[in-house]
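Asks: fold the stuff below for me.
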Amino acid sequence: MISILTAFLLETRKVLDSKEKPYLLLMAIGSGLLAIRAALIYEWAFLLLEIVWCLAALLAMKNNVKVSQ
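Replies: Presented below is the predicted three-dimensional model:
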């Protein structure tokens, strides 16, 4: 959760851009960890949300790599 909050704080302060790799990496790590936590406490709706959020961040990173090359 702290990585998601850090990414959000840095993005709102214009330190990171939401399309840059460091921001997306923080989001993917944070949502991945929250997905694990959701699975452990049987919060299925939250688990689905975090899986989608993590996949969205990972796909955005993958697309950014293709654009950069």
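Asks: now do the buried residues in the host helix or strand of Ala35.
Replies: Using DSSP states H and E, Ala35 sits in helix 21-40. By 16 or more other C-beta atoms under 10 Å, the buried positions in helix 21-40 come out as 23-24, 26-35, 38. (Glycine included, C-beta is placed from N, CA and C.)
Asks: the residues you listed into a markdown table, with extra columns for distance to Phe46 and pLDDT?
Replies: As requested, these are exported to a markdown table (distance: C-beta to C-beta, whole Å; pLDDT from 0 to 100):
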| residue | distance to Phe46 | pLDDT |
| --- | --- | --- |
| Tyr23 | 22 | 96 |
| Leu24 | 21 | 96 |
| Leu26 | 19 | 96 |
| Met27 | 16 | 96 |
| Ala28 | 17 | 97 |
| Ile29 | 17 | 96 |
| Gly30 | 13 | 96 |
| Ser31 | 10 | 97 |
| Gly32 | 13 | 96 |
| Leu33 | 12 | 97 |
| Leu34 | 7 | 97 |
| Ala35 | 8 | 97 |
| Ala38 | 4 | 98 |
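Asks: quick check, nearest of the residues you listed to Met61?
Replies: Using C-beta to C-beta, Leu24 comes nearest to Met61 of these, at 4.7 Å.
Asks: does that closest one touch Val65 like I think?
Replies: No. Assessed by C-beta atoms under 8 Å, Leu24 is found out of contact with Val65, at 10.6 Å.
Asks: wait, what's in contact with the residue positioned nearest the centre of the chain?
Replies: Taking C-alpha atoms, centre = their mean, the centroid of the chain lies closest to Met27, which sits 2.1 Å from it. Contacts for Met27 (C-beta atoms under 8 Å, 6 or more residues apart in numbering) come out as Ser3, Ile4, Ala7, Trp53, Cys54, Ala57.
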